[in-house]
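In: Please work out how this folds:
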Amino acid sequence: MKNLKYIYHLLTEKLRSRLNKAQYVIYVSTLVGLASGLVSVLLKKLVHYLQQWIEDIPAPPTYLVFPAIGLILTVFITHRFFRGSFKRGIGMVLNAIAQKSSFIPRSHTYLHIITSAITVGVGGSVGLESPIVATGSAIGSNIARVNELSYRDRSLMIACGAAAGIAAVFNAPIAGVIFAIEVLMVESVVSYFIPLIISAVIGALCSKIILQESFLFNFFLTQSFNYKFVPYYVLLGVLCGFIALYYAKSFGSTERYIHKLEINPYLKAFLGGFGLLILCYTLPPLFGEGYVSIKKVATGEIERTTQKSYLFAYAGQTWTLLIFAISVVFLKPVAAGITIGSGGNGGNFAPSLFVGSFLGFAFSRLFNSFGWTQIPEGNFSLAAMAGVLSGVMYCPLTAIFLIAEITNGYELFIPLMIVSSLSYSIVKHFEPYSMETKLLALRGEIFTHKKEQNILSTISLKEMLTDSLKTISINSTLADLITLMSDSNSTVFAVHDEQDNFAGIIELNDVKNLILGKDIQPQMLIANLVKQPKEVIYYKDPMPKVMQKFDSTNSWNLPVLDAENKFMGFISKSKLFNRYREILAEHSDLYEEV
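Out: Predicted structure coming up:
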């Protein structure tokens, strides 16, 4: 292994000497695209074969026990090899970019593959896309680390890994690039597109070359777009927005409720599996990712999705099918919440597409049942898929291009734009952040579209602390303070009490007249001079909050305290501004360093 590392190191050094910066980044993005594409294809094939094996089991009800088995196995692996828990999904990636200098642990290059394959492959009601994004991002981060790239370029490689993963799993390279820019890279420059495109194309080629047609998620439209249905698409877009809000709320509340149960994790997994058994027994499409059911709905074969249901097995009437489809729409987020809350690993990308397909069918079939018009149910299912995905994942452009690519054309581009934009606008009005990033965004732990806050989030409070920790006791005298000042360049000092707790500050300007005056009183107690600062900063305060305290107090130095109210040092506004300007200067175009 050491010899291989040494050989690769020699190779990279030779490449660095012959390639300019932009060319070397493109070389690394090629490696990232290939590795992420192959891993995504591996995961897709593994899950496909597991699901195929389960479908071939002769006794139909037997497959319903597999989600519980998958959850228990996932919990066992998590506790046995990954210390009981690990960070999942897109939130983990965004947090790594903002708070961990775009370093993602090596374990994330394989742990999501293992746990999501087990969870989803045997029937967990979630999708593979979030684990694929997490895995691709981890691959990008670690390949960038091996190639000794800078923070900015590591962040770009994380996006390249995610783009390749999405491109591979859907055979949709444009959607992969758009997803990386729209979700992961809230700040980017035009030159970033080239590495992203290369990674996404390589990921899509891995999918196209290795995967069989049956593995891929695609459609062939049977009806073209008719402008007469635009008012119905507008109504569908509004409906998708509110369904997306419902999805986020129901998934979140279900996942949190189960996650907070203080019971044995294996018992929790068993109970979660039992809940999925009941749901899938009633509504079989809730079993697994649901892409097979989505295809049946979008191609007008929804009746086939009811065949394994003992409640809707003979659902031939329109109103029975409508009840079936609406039940699926409202219970899918609950099933996904049960899966994740019980210890499974997966994401909400596929479930949101699933909900959209059944929602579009129910919407169009409802209008068609009145005989006013004949809405193309397949087209409306596809448009609703884009609408719900846009509202759940906050990625309207990704949703538009994804559906356009999987339908092998842009015939539905106008309705996709209408439905996705309306859905996103409604969701954004009620909730500024997606359900996967809300808590992290409110804590200032991920980048948002506010550039100033993003830069501040990359600054560590620890690196901004002053080196000097000289303090003075509240029972000391003015003479002691003069001695302390003579050995320090500071203009502000912290005061502590008998228990070594922070008691206040003394500023040089406040005591200057006492020290330089004719009637100096050396025995005057510090207790008579100490004052409270206008604000204090706690060690876990996010940097945007720190800057807000500086702005509200107009101070140049503020004390930093730990959780026990112990003084840790001062933070200087001027030092913070200097670091801010340094980071701002680093955000240059890739080709400016050629």
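In: need the next SSE after the lowest-mean-pLDDT helix or strand in the chain, C-terminal direction.
Out: Here the helix or strand of the chain ranked lowest by mean pLDDT, DSSP states H and E is helix 451-457, holding a mean of 63. Following helix 451-457 in sequence order, the next helix or strand is helix 461-464 (DSSP states H and E).
In: Work out the gap between that next one and the centre of the chain.
Out: 26 Å (C-alpha atoms, centre = their mean, to the nearest Å).
In: and if you look at stretch 164-179?
Out: On C-alpha atoms, centre = their mean, the centre of stretch 164-179 falls 16 Å from that of its chain.
In: what about it, start to end distance?
Out: With C-alpha to C-alpha, to the nearest Å as the measure, stretch 164-179 spans 10 Å from end to end.
In: just use 621 as the starting number from now, easier for me
Out: Okay, residue one is now 621; in that scheme the one you just asked about reads as stretch 784-799.
In: tell me which residues in the longest helix along the chain are buried?
Out: If you go by DSSP state H, the chain has its longest helix at helix 641-675. Of the residues in helix 641-675, those buried under the neighbour-count criterion (16 or more other C-beta atoms under 10 Å) are 641-642, 644-645, 647-664, 666-668, 670-671, 674. Heads up, the C-betas are built off the backbone N, CA and C, glycines and all.
In: Then stretch 688-695?
Out: Neighbour-count burial for stretch 688-695 [16+ other C-beta under 10 Å]: 688, 690, 691, 692, 693, 694, 695.
In: same thing with stretch 977-987?
Out: Result for stretch 977-987 [16+ other C-beta under 10 Å]: buried residues 977, 978, 979, 980, 981, 982, 983, 984, 985, 987.
In: swap in stretch 1099-1106?
Out: Neighbour-count burial for stretch 1099-1106 flags 1101, 1104, 1105 (criterion: 16+ other C-beta under 10 Å).
In: any weak-confidence spans in the stretch 971-1120 of the chain?
Out: Across the stretch 971-1120 of the chain, the ranges flagged by pLDDT under 70 are 1064, 1067-1078, 1087-1089.
In: in it, which spans are strands?
Out: Ranges of strands in the stretch 971-1120 of the chain, per DSSP state E, counting those that start in this stretch, are 1091-1093, 1112-1116.
In: Of those, give the one that comes closest to residue 845.
Out: Residue 845 lies closest to strand 1112-1116 among the strands of the stretch 971-1120 of the chain, at 67.8 Å (C-beta to C-beta).
In: Which residue, other than its chain neighbours, is closest to the residue nearest to the spatial centre of the chain?
Out: With distances taken as C-alpha atoms, centre = their mean, residue 710 lies nearest the centre of the chain, 2.0 Å away. In space, and not counting its chain neighbours, residue 710 is closest to residue 1056: 5.3 Å by C-beta to C-beta, 6 or more residues apart in numbering.
In: Out of the strands of the stretch 971-1120 of the chain, which gets nearest to residue 913?
Out: strand 1112-1116 (63.9 Å).
In: And for the closest one, what's in contact with it?
Out: Outside strand 1112-1116, the residues that touch it by C-beta atoms under 8 Å, 6 or more residues apart in numbering are 1090-1094, 1101, 1104-1105, 1122-1128, 1146, 1150, 1177, 1179, 1187, 1190.
In: In helices, which of the residues you listed fall?
Out: Counting by DSSP H, those contribute 1101, 1104, 1105, 1128 to helices.
In: now the stretch 621-770 of the chain, which segments are flagged as low pLDDT?
Out: 621-623, 625, 678-680.
In: same thing but at 50, please
Out: For the stretch 621-770 of the chain, applying pLDDT under 50 flags no range at all.
In: for it, what spans make up the helices?
Out: For the stretch 621-770 of the chain, the helices defined by DSSP state H, counting those that start in this stretch occupy 622-638, 641-675, 686-701, 709-719, 731-741, 749-766.
In: Format those as TSV; extra columns: distance to residue 901.
Out: Shown next, in TSV, are the helices of the stretch 621-770 of the chain (distance: least, C-beta to C-beta, whole Å):
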stretch	distance to residue 901
helix 622-638	51
helix 641-675	15
helix 686-701	11
helix 709-719	28
helix 731-741	19
helix 749-766	26
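In: Please name whichever of the ones you listed is nearest to residue 822.
Out: For the helices of the stretch 621-770 of the chain, the distance to residue 822 is smallest for helix 641-675, at 3.4 Å, taking C-beta to C-beta.
In: Show the pLDDT at residue 1205.
Out: We have a pLDDT of 60 for residue 1205.
In: for the longest helix of the chain, the distance to its chain's centre please.
Out: Worked out by C-alpha atoms, centre = their mean, helix 641-675 lies 19 Å from the chain centre.
In: do the same with stretch 850-863
Out: Worked out by C-alpha atoms, centre = their mean, stretch 850-863 lies 26 Å from the chain centre.
In: Only the buried residues of it, if you could.
Out: Quick answer for stretch 850-863 (16+ other C-beta under 10 Å): 852, 853, 856, 857, 859, 860, 861, 863.
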